[in-house]
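Enquirer: What follows is a protein structure lacking sequence information:
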Ligand SMILES: Cc1ncc(COP(=O)(O)O)c(C=O)c1O
């Protein structure tokens, strides 16, 4: 077993020596050493309990006993690749298919969200015979080379945009070009995609796919206007491309009303490919890509085998099945609706009280709080957001920020997050905001305390959220 009694400073020193500094820590000014997790709580080496408001990977709760037991029992019997017949993989595909529209009936199993999106890209290119991709601004779809290329969140800080990538504006009705006062923002934003497609076609480019998170989370917990994705799908399909719904952060009941976030678009809306990751395995590395028979057949027609050493192994599938079981037996989707509504309502009350809160939006346990410096321009309150998150951490509450201005507080806790937890976070948020307002009135600067000699890298913008 790895040592868990080492002093925090020693661990930090070892990490600095042995790991790349591009693997960032949360709270670099004073990182937290976590040695245990249970439900919605994390515990540090001194036994202090932190409320986890950000881990959407520990979907049904950290170290859920049913999931841990399922992995353990399967590990005792067999773990091998998917080239032998085994019931777990077919049972799991069957159970996932029950959650999806019937057209999405072929499943590929992988180890990470990035792998799922990379395979989606391969399938889309194979099916359409086209190469190009349309993505939303500020999106992140994974860390593989192919996905950095379609992630403006990353490539804007790197070599720039490839000629086969086309970026459409984020359908953000709070800060984007078409806002809450626009008569038809869904159509206006979808027309932007249409325009992006036409411009690409004028240059002789051909569109293979449109990739988007069903609710853009990395870009700041955005709720696209209803009808937007259906219209985008029409434009993309007319150009011969496929619609890929990235459900890696937002799937598996998180949004409360539906099991999948793309279902917010209505019963008739069916993406051509859906990618799943993170929450699917509650921390175990599992991922999945679901698609139609037609798309899969085009991929099969190459005659080239799809082999993934770990993807779909009996242990991963046992874990995936256990996550689905827990979601059902603990009714966590309905729970997300109830707790999420409560949290949204109470955060909205805070908006009425604190002018720094410009917008509160979300559904289920997917919630964003947009912090602004001024009401007219809605300038992102980046430093204030960072300060707030650091003060919450001092109060043993873990929250993160996201969005291009890193000013959106992102709530995406394990699904067992309770009404009491929500009440507690809102009360602390209220206290800290009141205190911040006091400080601003008395002209004190908001500064995060950095231990002497420690570098401040909190200005870095491309901290990939989890
Ligand atoms: C929306 C989205 N897609 C894809 C990925 C990539 O998943 P992974 O880190 O499991 O490769 C992430 C990870 O943060 C993500 O947020």
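Expert: Done, it's in. Fair warning: this is a prediction, and the values are worked out from it, not measured in the lab. Numbers count the residues shown, from 1 in each chain.
Enquirer: can you list the domains in this structure?
Expert: What automatic domain parsing lists as the domains of the chain is 2-60+332-447, 65-329.
Enquirer: any idea which of those is most buried?
Expert: Greatest average neighbour count among those goes to domain 65-329 (a mean of 20), per mean count of other C-beta atoms under 10 Å. The way it works is simple: take the backbone N, C-alpha and C, and place the C-beta from them, glycine included.
Enquirer: Report the rounded mean pLDDT for that one.
Expert: On average, the pLDDT along domain 65-329 is 97.
Enquirer: Up against the ligand, what does this structure have?
Expert: 112-114, 117, 140-143, 213, 218, 246, 248-249, 277, 464, 466 (C-beta under 6 Å from any ligand atom).
Enquirer: swap the cut-off to 8 Å and go again
Expert: When proximity is defined as C-beta under 8 Å from any ligand atom, the chain approaches the ligand at 112-117, 139-144, 147, 213, 217-218, 246, 248-250, 275, 277-278, 285, 287, 464-466.
Enquirer: Next, the residue in the stretch 201-350 of the chain that the ligand sits nearest to: phi, psi?
Expert: Residue nearest to the ligand within the stretch 201-350 of the chain (C-beta to the nearest ligand atom): residue 248, separated by 3.9 Å. Backbone torsions of residue 248, given as degrees, to the nearest 10, read phi -60, psi -40.
Enquirer: mind listing what it touches?
Expert: 113, 116-117, 213, 275-278, 287 (C-beta atoms under 8 Å, 6 or more residues apart in numbering).
Enquirer: Mind picking the two most distant members of the residues you listed?
Expert: The largest separation in these, counting by C-beta to C-beta, is between 213 and 287 at 14.8 Å.
Enquirer: Which residue is the nearest non-sequential neighbour of the residue in the stretch 1-150 of the chain positioned nearest to the ligand?
Expert: As assessed by C-beta to the nearest ligand atom, the ligand sits closest to residue 113 within the stretch 1-150 of the chain, at 2.5 Å. Counting by C-beta to C-beta, 6 or more residues apart in numbering, residue 113 lies nearest to residue 277, which is 2.9 Å off, once chain neighbours are set aside.
Enquirer: cool, residue 162 as well?
Expert: Per C-beta to C-beta, 6+ apart, closest to residue 162 is residue 149, 5.1 Å.
Enquirer: which residues sit in contact with that neighbour?
Expert: By C-beta under 8 Å, 6+ apart, the neighbours of residue 149 are 155, 162, 164-165.
Enquirer: Tell me the spacing between it and residue 142.
Expert: In this view, residue 149 and residue 142 are 10 Å apart by C-beta to C-beta, to the nearest Å.
Enquirer: Give me the three-state assignment for the spatially most central residue of the chain.
Expert: Central residue of the chain (C-alpha atoms, centre = their mean): residue 249, 2.9 Å from the mean position. Classification of residue 249 using DSSP: H, G, I helix; E, B strand; the rest coil returns coil.
Enquirer: go on, residue 133?
Expert: Residue 133 is classified as strand under three-state DSSP.
Enquirer: Over to residue 66?
Expert: Applying three-state DSSP: residue 66 is helix.
Enquirer: That one contacts residue 319, correct?
Expert: No: distance between residue 66 and residue 319: 10.0 Å, which falls outside the contact criterion (C-beta atoms under 8 Å).
Enquirer: can you give me the helices in the protein?
Expert: With DSSP state H, the ranges of helices along the chain come out as 8-18, 65-77, 87-97, 113-128, 145-148, 152-155, 185-202, 228-238, 293-300, 314-329, 332-353, 382-394, 419-441.
Enquirer: To residue 106, which of those helices lies closest?
Expert: So among these, helix 293-300 is nearest, using C-beta to C-beta, at 4.1 Å.
Enquirer: That concludes my questions; thank you for your assistance.
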